[in-house]
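Peer 1: Sequence and predicted structure, then a few things I'm wondering about:
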Amino acid sequence: MNTQLHELVLEALAIAKTQGLNQKAIAESSSLDEVGLSRLKKADDAMFSTLQELGKAVGKKLIWVDEADDLPGLVQKGELFDFK
């Protein structure tokens, strides 16, 4: 798997664990299933929609930023968050 994608998957699963969510709970709160989640941990690739669902299940969302952007600066300015 792309290293960055794999890190996102692992981060989402770590967040889920801190929230007391296991694979079954993630599957129940998303369109993913337990088998798919298990495969995702070992996959060579992941669809954007799958990562989006995984993030949604743990209260996160994916964003698209320019590679040259100063991420800490964007965070400080509040430009990475959607406040509704």
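Peer 2: Perfect, I can see it now.

Peer 1: For the residue nearest the centre of the chain, give me its contacts.
Peer 2: The structure's the chain has its C-alpha centroid closest to residue 55; by CA atoms, centre = their mean the separation is 3.5 Å. If a contact means CB atoms under 8 Å, 6 or more residues apart in numbering, then residue 55 has 8, 12, 61, 62 as its contacts. Just so you know, the C-beta spots here come from the backbone N, C-alpha and C atoms, and that holds for glycine as well.

Peer 1: what's the spacing between it and residue 4?
Peer 2: According to CB to CB, to the nearest Å, residue 55 and residue 4 sit 14 Å apart.

Peer 1: Could I get the phi/psi values of the residue nearest to the centre of the chain?
Peer 2: phi -60, psi -40 (degrees, to the nearest 10).

Peer 1: Now do the helix or strand hosting residue 10: everything it contacts.
Peer 2: Residue 10 is part of helix 3-18, with elements assigned from DSSP states H and E. Applying CB under 8 Å, 6+ apart, the external contacts of helix 3-18 come out as 1, 22, 25-26, 40-41, 45-46, 51, 54-55, 57-60, 62.

Peer 1: May I see the buried residues of that helix?
Peer 2: Neighbour-count burial for helix 3-18, counted by 16 or more other CB atoms under 10 Å, picks out 5, 6, 8, 9, 12, 13, 15, 16.

Peer 1: Same check on stretch 44-55?
Peer 2: So for stretch 44-55, counting by 16+ other CB under 10 Å, buried means 46, 50, 51, 52, 53, 54, 55.
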